[in-house]
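In: Sequence and predicted structure below; questions after.
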Amino acid sequence: MDDRGGGSFVAVRRVAPRLEQGSVYHSSSSAEVVAGSAAWLGRGLSCVCAQGTHADSRPSFDLTPAQEECLQRLQNRIDVAYDSSILQHQEALKDLWKLAFPEEELQGIVSAQWKEMGWQGKDPSTDFRGGGFISLENLLYFAKNFPNSFQDLLRKQVGDRSVWEYPFAVAGINITFMLIQMLGLEAGAITKCVYPILGLVMFAVNESAFDLLYCIAFKLMDQQWLSMRASYMEFNTVMKSTRRQLEREIMVEDITCIEDMPSYSLLSQ
């Protein structure tokens, strides 16, 4: 485990599949979570997102009133912290489990079972501080709308995987926060945008644009992970590469909707 920067990583070690009596076997590459400190998420974000965006050199534009309203709705979602005392939040987390592992009953909102999904410990609420409730909404949207891609990433079914894999759920929170920072949404409502495409994909009629962009980013990250033959020590490098690719795609002039992004084709329903 690497402990540079004041925190250690959390990785998923792929182990040989085995089916014990009375147990539930999830995939051909079942995973066991090895947890370090809870600083993995924060350390990843500081490394991935605190990089120069050269925003001053990029064109900006004024938002229309309709776009500002849509932005505010998205901002309201971003501002909601995950609160384990709120029944709605608990139920959303349980729904995520049902979508991820429909064949296995969840024993409790606090349970060692959550490690199977790539949370750092028994209580997923401790991992939400970086992404808030919207990061759970993103995971739910992914699971409901692109179940095949969701399951492929959750169970690490595609490609020649590393011995030490990234933890699925915590990686998902990292992706949510990366998008928030990449799109300049972490500082509250804005009236200028550094990305011309932002007004189209974030504030147009499609209220699920951010969630859809999240799904693309997650799948793209995994593709980058495989192509780079990365292990958990390279997670931050993979995230940086993912962000650069997303920036290139959303700046293409002939993109008219998120579905036009080249990486959209990676998703499978």
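Out: The structure has been received and is ready for your questions.

In: Show me the shaky parts of the stretch 151-269 of the chain.
Out: 187-206, 253, 256, 269 (pLDDT under 70).

In: Okay, strands next: where are they in it?
Out: Using DSSP state E, counting those that start in this stretch, the strands of the stretch 151-269 of the chain run over 164-165, 192-193.

In: Now do the first one: which elements does it pack against?
Out: To tie it back to what came earlier, the one meant is strand 164-165. Under the contact criterion of 3 or more CB pairs under 8 Å, 6 or more residues apart in numbering; DSSP states H and E, strand 164-165 touches strand 11-14. Yep, even glycine has a C-beta here, placed from its N, CA and C like the rest.

In: any idea of the mean pLDDT in the strand it packs on?
Out: Model confidence over strand 11-14, given as mean pLDDT, is 44.

In: Can you report how many residues neighbour the closest residue to S84 other than its chain neighbours?
Out: Taking CB to CB, 6 or more residues apart in numbering as the measure, S84 lies nearest to S125, with 4.1 Å between them; neighbours along the chain are not counted. Applying the criterion other CB atoms under 10 Å, we find 20 residues in the vicinity of S125.

In: Any figure for the gap between S125 and A169?
Out: Computed with CB to CB, to the nearest Å, the distance linking S125 and A169 is 12 Å.

In: cool, E186 as well?
Out: Using CB to CB, E186 is found at 21 Å from A169.

In: what about these two, which has more around it?
Out: Summary of the neighbour comparison: E186 and A169, criterion other CB under 10 Å, with A169 having more neighbours (24 against 13).
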